[in-house]
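> Model the following, please.
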Amino acid sequence: MAQPAQIGFQNAASPIMEELLHFHDHSLMIIFLISMLVLYIITLMMTTPLTHTNTMDAQEVEMIWTVLPAIILVLIALPSLRILYLMDEINNPYMTIKALGHQWYWSYEYTDYENLSFDSYMTQTNSLLPGEFRLLEVDHRMVVPMKSPIRVLVTAEDVLHSWAIPSLGVKTDAIPGRLNQTTFTTSHPGLFFGQCSEICGSNHSFMPIVVEATALPKFESWTSSMIT
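Okay, the predicted model is just below:
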């Protein structure tokens, strides 16, 4: 989850989020170098104006400011396209879970299990246990086995919602009458918090998402308890 006064991304909890963090650092370094180059040129022009005809109209200068931006765009586009492909690629998911957005809570249906579905409401402040987080905790978490590819089918019953968990690199719109899908693989056990990131009404900020990643034996015992 986010930490107080945090200005960067949350720690990565999935391979996709790790790729997104690497791409962010890669792009940020390019932006930094461009900014330093522009600042250097502005400073140079303020101190020693470049008004000489041979300098301002040189073909070499025009070639540089045409080719260099093209190279920079390629350096940004190639890793970006790679990550987009990885985010859309779904190969043999371990299980499929349907997430249905309501005003203002989420419903989950484990399609690989019979009669395994539940609603997930935000835990009220006066019902929080020690160590639980206000406005982020729910009464029923979405439990998944760690290090297993999970496919999530996302839709909505009433208005637009968005199923988003920053630490997993997941954000998918929930649209009434349309079925979107996303996939994620947790890299370690833990609790991963998210919220609806679409303005869906007066209680938009009160429909959190909690994914609990556990070891496979613990997940199987959880499913047995939920079904029975």
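> for the residue most central in space within the chain, what are its contacts?
Nearest to the mean C-alpha position of the chain, by C-alpha atoms, centre = their mean, lies residue 169 at 2.7 Å. Residue 169 makes contact with 12, 14, 16-17, 19-20, 87, 184, according to C-beta atoms under 8 Å, 6 or more residues apart in numbering. Backbone N, C-alpha and C define where each C-beta goes, glycine included.
> Could you tell me how far the longest helix along the chain lies from the centre of the chain?
If you go by DSSP state H, the chain has its longest helix at helix 15-47. Using C-alpha atoms, centre = their mean, to the nearest Å, the mean C-alpha position of helix 15-47 is found 22 Å from that of the whole chain.
> State the mean pLDDT of that helix.
Mean per-residue pLDDT for helix 15-47: 91.
> rewinding a little: report the separation between the residue nearest to the centre of the chain and residue 23.
According to C-beta to C-beta, to the nearest Å, residue 169 and residue 23 sit 11 Å apart.
> Repeat that for residue 65.
Separation of residue 65 from residue 23 (C-beta to C-beta) stands at 25 Å.
> Over to residue 142?
Residue 142 sits 27 Å away from residue 23, going by C-beta to C-beta.
> Neighbour count: the two, which is higher?
Neighbour count, other C-beta atoms under 10 Å: between residue 142 and residue 23, residue 142 has more, with 22 against 15.
> Contact partners for that one?
Residue 142 neighbours (C-beta under 8 Å, 6+ apart): 97, 99, 108, 120, 209-212.
> Among those, list the two that are farthest apart in space.
Pairwise distances across these (C-beta to C-beta) peak at 14.5 Å, for the pair 99 and 212.
> Settle it for me: which of these two has more neighbours?
Set side by side, residue 99 and residue 212 show more neighbours around residue 99, with 22 against 17, by other C-beta under 10 Å.
> Go ahead and report the secondary structure state at that one.
strand (DSSP: H, G, I helix; E, B strand; the rest coil).
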